[in-house]
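Asker: Build me a model from this:
(chains A and B)
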Amino acid sequence: MGPPLPITLSVPSPQAGTGCPSGRRMAHVGHKVDYLAGFCCPVGGLAAGKPRVLCHENQVYLSNGSEFVYVYDQEGKVLKAIYRFPDQVWHVELLPLRRQLYILCAGNGIYCVSLDQQSRLMKQTDGDGKEDACPSSVFPVDTDACVVPDVTLCTFTLLNDVLVTLSQAQGQWWMKLHVLLDPDQESQPCRQISQVGFSTCDQTGDDGDALSSHFLPVLCCASAPGTAGPGEGLWCSGGFTLEEPLFSLLFGIDAAMLDSPMILCGFPDGQLCCVPLKALNSSETVDACSEVAGQAPPVKILHHLEEPVVFIGALRTEHKAPDDPDDQQLFGDSGCDCVVVVGHYGKMVAMKAERGEEAKVPEVREYYLQGPILCAACGGGSRMYYSTHSDISAVDLDWVSNASDPESIDNTAYVLPPVLSPASLSICSVVALSLSSRASEGDSELLALSAKGRLMSCDLCSPDDAHPVRLTPEKAGQRIKELLSGIGNASERVSFLKKAVDQKNRALTSLNQVMNVSAALLSNQDGRKPVTCTVTASWSRLLLRDTWAISCVLENWSECSLEQGWTLCVQLFTSSCAFDEDSVDSATTFTFPIDQLLPGSKREVTLPLGSAEGPKLELPLTVSCALFYSLREILDSASDSYESLDDLLPDDSPGLSPDKEGICLPLSKCTIDILQCLRLDDSTVPGAPPSIATLSDPVETFLKVSRVQSDPSSVEVSDQLLPKALGDEYLPPSVASIKVSSELLKNALKSFCEGAPLCCAALRWLLAENAAAAPLRSQDVSAVRGLAPRGGEVQLLVREVAVNNLCPAGPIQAVEILMQSPSLAEMCRVHQAVIRRIQQTLVLEQAAQGSGPPDLRMQYLCQIQANHEMLLKDVQALRDRLCLGDDASATAEKLLHVYRQLRNPSLILL
Amino acid sequence: MSPASLLLHWSLTAGLPAALPSLSLELTVLYNSLLFAVSESDGLVEGEAERINHGLIRVLEACGVSGQDLSTEELWQKVLQDVTTEELCAPLHRLGALQGAVWLAANCLGSVTGLFRLLSDTKGPLPSAHGGENELLALLKAWSVPVEGDTSPLVVQSTKDLKEILWTSAAFLQGLQGLEAGNLPTALSLLQAAASGFCSKRVLAQIYTCIGCCTQQMGKPQTALQHLKRALQVDFQCLSALSQAALVYRQLGETDAELEALALLYKALETPAQEAVSIDPCFLIRTELLVHTPALASLFSRSHPSEVKYLLAQRCLQAGRVGEAVEHYLDLLALLQEGPQHQVPLHGRSALPRIPEVFLEAASALEQLGRYQDAIAVCEEIISRTDDLIPETLRIELDSGAGGEAPGRAGSPSPGIPPQQRESLRCIVWRAAAYLHQGRAWARLGESKEAITRFTRCLNVLLRVQLVSAASIQSGEKMAEALPEAKVLQKIRLLALLGRGSQFQELGRDKEALMNFQHSLQVCPGDPAATSHLLRALWKLNRRQEAAALWQKLHADAAPADGQQEAPGRPYPLYLVSCLKQVNLPHDESLARSLQDYLRTSGQDP
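Answerer: Got it, this is the predicted structure:
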């Protein structure tokens, strides 16, 4: 940016004089905006709260929240000096009488810079590139200038030779009073006189800390009338004189009779307190929440805004009677008659002495302006200016109630207007405001620092004066300049608004797409979903290791594309006890952002779930897929960089916690069991039928065992037989079998039969979802051996048997599925997986067909049931003993034995 | 040095598992760093206790015992019972002394006693403890500090010193608690024990002052004065001894000495406070850091010059030394008007009353001295300040429950009266009193018309108050009980009526005077001043029969209820006292004689 052009344009206020209710004067605002200078600002603009603009005579003192303080000469339009401090500057005050500037530097303390020393200090230093407005000298301020070294300081204010500071320590606010000493006579620059502690009501831990780090408290000084004449130098930025009776009513008769100025303090929690400067002490720590009645405590709570206080000021709302010849003089001398306090979210409180004869209390009125309010300023008049992200507005508290209007009779009792009508100044994102002290010259002037670091001045003269009657050539030149400046101003505003509109459009577009996708997915419940997610499990070789993985294929069949912002969430639930599907106790979620998924395209994501030696993964596994869209994303993109989400959302938006809120669309849910991840033994798979025959001992034993087991009387034989047969393993391989009636199976597996023997069809059916079993489909295999993901060996054998004793009509043809594994756990998993399949396919099939089971021999069945009940009792007893803990291993072995018995005869499905 | 030692401590304990050989060093470093932390932060804070806890847990860890989830007391018990390693004994006892200090500072006497029972290894109460001697002090005395070897790490404050300080602090603290609880003989013996202990001069002066308070409360003012004198001899900065002495003198009725003490106190406060006595770096933990009680804080809170000035002025006025009183009041008013460098205590426990009352007392003093114009000017200030603060009418509803208010505390709020109304009522009282004083001053200046105007204004202001009882119209007495301001209000009305009546008499308008006196008697039935005024007015108007009847009634009432006139209720505000005194007419011998003559002639003399 080049040197600032002093160009001016007058823009009539668009809202002036429109829709003005009777009896209320609209704030007539006509103004010219001058760009004075530009200052560096961080990316994203300046934050409100810490930047500050002060104006005295023709000098503008400015801090923009960085470690610099600038002195700008308004007359010569040059930057006169730059001071550099060790850290961020939080607050600046001017003491014109002593020609001193006081600066609060974060984490350091208060520095004092004498403005007279400017010339003496002058030394040329090359700008570090940050300053491009004007080649100027940077004075580094060293620690000698620190008058109050205190790292806990938050803010301060000045009144003549008194310095009032506010700091936060030990969970409390401390207001301290210092007297500035004459540096020529005293060794130290100031002396602390007294202090008083405040505990704001809701200082709750982290939240309070977060607030206070964001918002600083606001201090200002209210003087009693007559304590300081106008020429006496009671000029302190932000300070004001209050006239009677407001002063006594607000602060009490003691403070008034002591002629004590009052320190007003607005805390980030919204509390507004006052304390007399002459009684800044307390017997003990003042608990501001509880009032000691009778004797007025020095600290008094005036109001509670419930939101961070950003500004305290005072207005002169009532003009003297127009026929009063001393009007102007009175106006100049007597103080303000109304105190205003502004909160960050737009709550404004005005306090004024009531006109009524009855009770003598100050009238307190709350207004709600459109927030968030970044800063505000008051002059001597009845108008307050406040700035939001989008505009500066002026509100007028002058309230002339029209007694002739019958409707307003009720309102005559009030001295403050019932509603405020803000008038726009059309200047956006100003973070610091100040009313120029040149206001006494007639036309008041507003100085503003924008978030982009530009210093502007805005003339607030009435519109009548702003229009020159005739254009002389010189004036025409001036006018052209003004127009150019106006174009500049307008273009900046346009670009700002355009940016905002673009962002909002983008947000709306994506929201529309999100809505389309959601509607399509949610309305299409029965048919095929427009977006699907297929889950398969497979073994693959990754980095020379066999890895078991789940792959999810996301396919978009809909007409709209999935844009950025969508996320595919894959959630894995494992149950710790594989046999109890209800007890889901662990879930892992994987999220995959989807950049773009056009209609008709698909995307595959793979979740490696560990190798055989890897971490344990309990089967069966439930995989649930869903699409998620975070609303936060939309809201973030819609709000511009320095406007946070909190500002965008109204404070009372019900239940919207933006960090969690989003749209979640469930896609599919499936269960992965051991049959899907069996890795079939390469040696056995291709030539299945002969390999079974060639299988030596294990299969032999397997068959023997199964034969033995089918006969309940010979259980002990099998127990003796097994360990010997397997030899190398101490534990016998666990075996389970399920018998299904051939007829039933044939009906259910029509699609798998296709001429193949029923046994082979059944095996194919069981391993249908196993990718590794693809070769099986072309071969007739009735037995397979495979490895479970954890490495346990599992064998499956399907054969046709005849079941006797069951049906009086004769033997029933059935298919027996035999499962065997040296690991009991793997066997159980296979058993569970097979049963699940049978439940899902066969039972449902049968129910659909409605065919009843053949006649059965009830007596035999009853006997089996009785046997089983006995065994169950044994199990109960053994379990109890296990609980008691005596002889655990023996009990466990017995329990295992009983369980094995329970499985005989095996499950038969007819 | 402190950061270095903290760093050392941190590096010793962070991440390293606790091990027995290094524990002795670790505990010593912890002890030293805690000492520095305490002396730097000028007080014991939460963090220290936690660090001791942590140290103990590490000791237990090293011994293979878990110390999680135990309270500090339980931790100590476990550590001192389980850890028997010889070289850990000294560091542990050192840390124990520090723990005792932390608990003393937190006023946890029970915990301290328990700890030292463990440290001095005595199971039951000490044999010597039964004879009234304090158990904690006996335990501390009995505790033998383990001898530190030459090879052990250096410490910044020896355990022996710490023991002495703990003993003094324990005695002082318990003495203060006894004083607070009213257990005076015990408190006295404990405080005397503390005075024999090891402490700085400042603390010694505080202990003597406390002994002074104690003996004064025991009814031994001379002993109290002796101790207060000793306190001042030890440390002249101990100004509370001076103010206590003033109180004792007041009790003894020695106004001269009291005023002298107050004047001395004021002078001492005028000169800026000297910097704290330089602290011996060897004593990082001092008695000052360990003894914190609200009683001590309130006893030794530095009074403000304006408070002392007010006390001087008030005492002079009460003692009838009007000239001195005026001087002090004028000084005080100047002091109040000074800049913020002179802070004015406005809080609840300040000796200073509300500012308008100070002004009224000053006006009263000026009036008594005969500086009528000045008195009028001071009153004018009050009148102008209250101008905007009083409502046209103030209607105060006294609910029936308001009568139960305890009459002890001035300004304690009556239940049911909103503070805003009460403040308005006070403003009315002050404004009326200001008009009353103005009227009296004008009367003294011989300006009867001006005086009558002021008295009338006074009465008009008072008429704005409407006291309404929800139950029934209460009698004046009851109302005064419910609302102390109401009683003052009534008295001001009486005084204004009497004053106005007298001025009418001066102007020769006897009938109007009579009406005022009659009215005043209605306000305060049976008031002797009102009666005697009325009596005289009636006599003057030649209404002798009525006068005689009134005189008889006066005598009949006065005879049995002699001397009970001012007994009930609280005293009137100081600014009304002189008015009340002066309103009583001197006994008129001639009138009495002529009344008796009249009664005799009319044959009614009993």
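Asker: Now do the buried residues in stretch B:236-253.
Answerer: Neighbour-count burial for stretch B:236-253 flags B:237-250 (criterion: 16 or more other Cβ atoms under 10 Å in any protein chain shown). Placement of C-beta: from N, CA and C, glycine included.
Asker: er, stretch B:511-520 actually
Answerer: Applying 16+ other Cβ under 10 Å to stretch B:511-520 flags B:E512, B:A513, B:L514, B:M515, B:N516, B:F517, B:Q518, B:H519, B:S520 as buried.
Asker: residues in the stretch 701-850 of chain A within reach of chain B, list them.
Answerer: Among all residues of the stretch 701-850 of chain A, none is adjacent to chain B (criterion: Cβ under 8 Å from any Cβ of the partner chain).
Asker: Sketch out the helices for the stretch 701-850 of chain A, chain order is fine.
Answerer: Using DSSP state H, counting those that start in this stretch, the helices of the stretch 701-850 of chain A run over residues A:715-726, A:742-748, A:750-753, A:758-766, A:824-837, A:844-849.
Asker: for the stretch 251-400 of chain A, same thing?
Answerer: A:253-257, A:327-333.
Asker: which one of those has the lowest average pLDDT?
Answerer: Of all these, the minimum mean pLDDT falls on helix A:327-333 (a mean of 44).
Asker: all strands in the stretch 201-350 of chain A, in order from the N-terminus.
Answerer: A:218-223, A:240-241, A:262-266, A:271-276, A:300-304, A:309-315, A:338-343, A:347-353 (DSSP state E, counting those that start in this stretch).
Asker: Next, the angle strand A:271-276 makes with the last one.
Answerer: Using axes from the mean of the first three to the mean of the last three Cα atoms, to 10 degrees, one finds that strand A:347-353 and strand A:271-276 are set 40 degrees apart in direction.
Asker: Neighbouring strands - and their directions - for strand A:347-353?
Answerer: strand A:338-343 (antiparallel), strand A:362-368 (antiparallel) (DSSP bridges).
Asker: As a markdown table, those with mean neighbour count and mean pLDDT would be great.
Answerer: Shown next, in a markdown table, are the strands paired with strand A:347-353 (neighbours: other Cβ atoms under 10 Å in any protein chain shown; pLDDT from 0 to 100):
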| stretch | mean neighbour count | mean pLDDT |
| --- | --- | --- |
| strand A:338-343 | 26 | 91 |
| strand A:362-368 | 17 | 86 |
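Asker: Make CSV out of these and add distance to A:E243.
Answerer: As requested, those are exported to CSV (distance: least, Cβ to Cβ, whole Å):
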stretch, distance to A:E243
strand A:338-343, 10
strand A:362-368, 13
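Asker: Tell me which of those sits nearest to B:Q438.
Answerer: strand A:362-368 (29.2 Å; Cβ to Cβ).
Asker: State which helix of the chain is the longest.
Answerer: Went with chain A since none was named. helix A:473-523 (DSSP state H).
Asker: Correction: the question concerned chain B.
Answerer: helix B:419-444.
Asker: ranges for the helices of the stretch 301-450 of chain B?
Answerer: B:305-318, B:322-337, B:355-369, B:372-386, B:419-444, B:448-463.
Asker: The third one close to chain A?
Answerer: Okay, so that is helix B:355-369. Yes - judged by Cβ under 8 Å from any Cβ, helix B:355-369 comes into contact with chain A through B:I355, B:P356, B:F359.
Asker: check contacts around the first one.
Answerer: In this case it means B:I355. A:I253, A:D254, A:M257, A:L258, B:L336 (Cβ atoms under 8 Å, 6 or more residues apart in numbering or on different chains).
Asker: Among those, name the buried ones.
Answerer: By neighbour count, with 16+ other Cβ under 10 Å, these hold A:I253, A:D254, A:M257, A:L258, B:L336 as buried.
Asker: Tell me which other helices or strands the longest helix of chain B touches.
Answerer: Using 3 or more Cβ pairs under 8 Å, 6 or more residues apart in numbering or on different chains; DSSP states H and E as the contact test, the elements touching helix B:419-444 are helix B:355-369, helix B:372-386, strand B:394-398, helix B:448-463, helix B:484-506, helix B:574-583.
Asker: So A:G380 sits against A:T317, correct?
Answerer: No - judged on Cβ atoms under 8 Å, A:G380 makes no contact with A:T317 at a distance of 11.1 Å.
Asker: the more surrounded of the two?
Answerer: A:T317 (22 against 17; other Cβ atoms under 10 Å in any protein chain shown).
Asker: Please name the spatially closest residue to A:P183 (chain neighbours excluded).
Answerer: Once flanking residues are discounted, A:P183 sits nearest to A:P189: 6.0 Å by Cβ to Cβ, 6 or more residues apart in numbering or on different chains.
Asker: For the one you found, what are phi and psi?
Answerer: The phi/psi pair for A:P189 (degrees, to the nearest 10) reads phi -70, psi -30.
Asker: any idea how far it lies from A:S450?
Answerer: Distance of A:P189 to A:S450, computed by Cβ to Cβ, to the nearest Å: 35 Å.
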